[in-house]
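Colleague: Below are the sequence and a predicted model; questions follow.
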Amino acid sequence: MANVLSVNEVPVRVLVVDDEEPLRHLLRLILQRCGYQVLEASDGHEALSFLKQDPGIFVVLCDIRMPNMDGMTFLKKVDSKSVNVVMMSAFGTTDTAIECLGHGACDYITKPFRVDEIRVCIDRIVEKCRLVKENERLRTHVNPSVDLEGFIGKSAAIRDVVSVVRKVASFPTTVLFTGESGTGKELLARALHSYSTRSGGPFVPINCAALPENLLESELFGHERGAFTGAIRAHAGLFEQANGGTLLLDEIGDMPLQLQSKLLRVLQDGRVRRVGGSRDRAIDVRLVAATAKDLNLAVQERTFREDLFYRLNVVHVRVPPLRDRKDDIPLLTEGLVHRAAQRLGRGVEGVQPDVLRSLLTYDWPGNVRQLENALEHAVLMAQGGQIGLADLPSEITQERLVKPAAKIDGDLSIKKQTIALERDLIVQALARTNNNRSQAAKLLEISYKTLVYKIRDYGIEV
């Protein structure tokens, strides 16, 4: 007897649905010889009862013409994603077969059938499912994040991030993504939404730093007609627009304190009131926040509410900068070059070895976004099928060295030389972090307040 196992190493269970007992008995003998476990039902009602009680049924062989509930009605009631249905009929036509396949059947067999026809049909279904599962396992093992909504990477740091996103996606928990600009926080937020039970609902992002306070309030919470000058009609805010889905508050560290209070009330009550409105509206929104700022520091400096921070910080995902996961650069380069070449209609297929070495030695202050832009530039400049060094933006190939402190006309004052060197280091740290003061302070190993004072005292333009 063959030992045919399903994808989870449990003997495959087949449900035979037919009102003719002799045919069911024949199919039982055929399938048991092939190593399958067999259950029998005499009509669609009994078959549905079996499926409800036994979620382990893998394949259903179902006749079309039956009393009580016929096969086509049964097929329309079955979730074809969880079970493989093969329809059978002695009165079949091409139109009938097409109709069955259109309603989710994976195959159609005409009676009378040959013994090997049944065996080959089920073997093919089992093997196909086994291969799909094996491909998923291998893809996850080799590169667990390639299929996470385009978020590319296989380094240990990225595997940890992807693991957390997948674990919490199906729960309504608030998630906070932190990391430097360009690391892919919005991409991860979109992936979180796609993997959640809310994936059928809207994903609504807003950049809290992009709008002044009065416009941001109206965009988030909506307004009623006449609420302010120019409000000529009522407007549903983004909380209402995201109902049943996910709202991403990007750069939430830049949200004004007054709006932070209003946001906290929405999170606590699950209700929102439009500007100029007199009634609350119930909402069902999953909130996801992202920021490049250090919110712990912002809480200490009283620019961010502590109670709101704790509300947002239920699950905290730190997205690492590209310089801390350079193992991902070859994989990122391959994917980004392919994507840019397809979008721009260019016949570029990869990069030369010296180009990859240059990409690996560069610090990438703008992270993955900067890498993507640099490779798009290179795809446009490339003359052949591969990107060369000359095709990269000049800042990638030029050596980026910290300039030494300037000499002061023979003055060997340690104090003056220290000031000059300190100023140069601050300028370099700000350039590396795209003028993100919190991150620059970390690189310089000084407090945020000290950095702000020195920027002002040295007259550094930010």
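Modeller: Yes, it's here. Residues are numbered from 1 along each chain as shown.
Colleague: that's a strand at Val288, yeah?
Modeller: Yes: counting by DSSP: H, G, I helix; E, B strand; the rest coil, Val288 is part of a strand.
Colleague: That one: how many residues sit nearby?
Modeller: Using other Cβ atoms under 10 Å, Val288 has 29 neighbouring residues. C-beta here means a position set from N, CA and C on the backbone, and glycine is covered the same way.
Colleague: how much space is there between it and Cys129?
Modeller: As for Val288, its distance to Cys129 is 34 Å (criterion: Cβ to Cβ, to the nearest Å).
Colleague: what do you get for Tyr36?
Modeller: 14 Å.
Colleague: quick one, which of those two is more surrounded?
Modeller: More crowded of Tyr36 and Cys129, by other Cβ under 10 Å: Tyr36, with 22 against 18.
Colleague: Now for the more buried one: which residues touch it?
Modeller: Contacts for Tyr36 (Cβ atoms under 8 Å, 6 or more residues apart in numbering) come out as 4, 11-14, 122.
Colleague: With Arg325 instead?
Modeller: So Arg325 contacts 153, 155, 157-158 (Cβ under 8 Å, 6+ apart).
Colleague: Which ones among the residues you listed lie within helices?
Modeller: 157-158 (DSSP state H).
Colleague: Dump the contacts of Arg325 into CSV; add pLDDT as well.
Modeller: Shown next, in CSV, are these (pLDDT from 0 to 100):
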residue, pLDDT
Gly153, 80
Ser155, 85
Ala157, 86
Ile158, 88
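Colleague: Can you flag the buried ones in the contacts of Arg325?
Modeller: 153, 155, 157-158 (16 or more other Cβ atoms under 10 Å).
Colleague: which SSE is Val38 in?
Modeller: Val38 belongs to strand 37-41 when assigned by DSSP states H and E.
Colleague: Make sure Tyr108 is indeed in a strand.
Modeller: Yes: counting by three-state DSSP, Tyr108 is part of a strand.
Colleague: pLDDT value on the residue nearest to it when sequence neighbours are not counted, please?
Modeller: Distances taken as Cβ to Cβ, 6 or more residues apart in numbering place Ala97 nearest to Tyr108, at 4.2 Å, with adjacent residues excluded. With respect to pLDDT, Ala97 scores 80.
Colleague: for Gly385, same thing?
Modeller: Looking at Gly385, its pLDDT stands at 88.
Colleague: That one touches Glu349, doesn't it?
Modeller: Yes: assessed by Cβ atoms under 8 Å, Gly385 is found in contact with Glu349 at 5.1 Å.
Colleague: Mind telling me which residue is nearest the centre of this structure?
Modeller: Centre of the chain computed as the mean C-alpha position; nearest residue by Cα atoms, centre = their mean is Ala191, 1.5 Å away.
Colleague: Now that one: which helix or strand?
Modeller: Going by DSSP H and E, Ala191 is part of helix 185-194.
Colleague: average pLDDT across the helix or strand just after that helix?
Modeller: Once the chain leaves helix 185-194, the next helix or strand it forms, by DSSP H and E, is strand 203-207. Per-residue pLDDT over strand 203-207 has a mean of 93.
Colleague: buried set for strand 203-207?
Modeller: Buried residues in strand 203-207, counting neighbours by 16+ other Cβ under 10 Å, are found at 203-206.
Colleague: Show me the protein divided up by domain.
Modeller: 13-138, 156-320, 323-397, 414-457 (automatic domain parsing).
Colleague: sorry, back to before: what pLDDT does the residue nearest to the centre of the chain get?
Modeller: Listed pLDDT for Ala191 reads 90.
Colleague: That one contacts Val164, correct?
Modeller: No: in this structure, Ala191 is not within contact of Val164 by Cβ under 8 Å, at 11.2 Å.
Colleague: So what's the residue count around the spatially closest residue to Arg437 that is not a sequence neighbour?
Modeller: Sequence neighbours aside, Leu451 is the residue nearest to Arg437 in space, at 5.8 Å (criterion: Cβ to Cβ, 6+ apart). By other Cβ under 10 Å, the residues close to Leu451 number 21.
Colleague: Just the pLDDT at Leu451, thanks.
Modeller: 87.
Colleague: Same check on Phe58?
Modeller: Value listed for Phe58 in the pLDDT field: 87.
Colleague: In a strand, it, correct?
Modeller: Yes: membership of Phe58 in a strand is supported by three-state DSSP.
Colleague: Enumerate every residue touching it.
Modeller: So Phe58 contacts 6, 12-14, 83-84, 126, 129 (Cβ under 8 Å, 6+ apart).
Colleague: Recalculate using a threshold of 7 Å.
Modeller: With contact set as Cβ atoms under 7 Å, 6 or more residues apart in numbering, Phe58 has these partners: 6, 12-14, 83-84.
Colleague: Also Leu257?
Modeller: So Leu257 contacts Arg305 (Cβ under 7 Å, 6+ apart).
Colleague: switch to 10 Å and redo it
Modeller: 213, 302-305, 308 (Cβ atoms under 10 Å, 6 or more residues apart in numbering).
Colleague: Mark which of these are buried, thanks.
Modeller: Buried, going by 16+ other Cβ under 10 Å: 303-305, 308, out of the contacts of Leu257.
Colleague: Helices of the stretch 51-200 of the chain, residue ranges please.
Modeller: All helices of the stretch 51-200 of the chain, identified by DSSP state H, counting those that start in this stretch, fall at 71-77, 94-102, 115-142, 156-168, 185-194.
Colleague: Could you tell me how many residues sit around the residue nearest to Ala169 when sequence neighbours are not counted?
Modeller: Among residues not flanking Ala169 along the chain, Tyr195 sits closest, at 3.6 Å (Cβ to Cβ, 6+ apart). Tyr195 has 17 neighbours, counted by other Cβ under 10 Å.
Colleague: Got phi/psi on Tyr195?
Modeller: Dihedral pair for Tyr195: phi -90, psi -10, per degrees, to the nearest 10.
Colleague: Test my guess that it contacts Val164.
Modeller: No: with contact defined as Cβ atoms under 10 Å, Tyr195 does not count as touching Val164 (11.5 Å).
Colleague: pLDDT weak spots in the stretch 351-462 of the chain?
Modeller: 399-412, 415, 462 (pLDDT under 70).
Colleague: swap the cut-off to 90 and go again
Modeller: Along the stretch 351-462 of the chain, the parts satisfying pLDDT under 90 run over 353-354, 357, 361, 363, 383-385, 394-462.
Colleague: Tally up the residues packed near the closest residue to Ser82 other than its chain neighbours, please.
Modeller: Once flanking residues are discounted, Ser82 sits nearest to Pro55: 7.3 Å by Cβ to Cβ, 6+ apart. Burial measure for Pro55: 9 neighbouring residues, criterion other Cβ under 10 Å.
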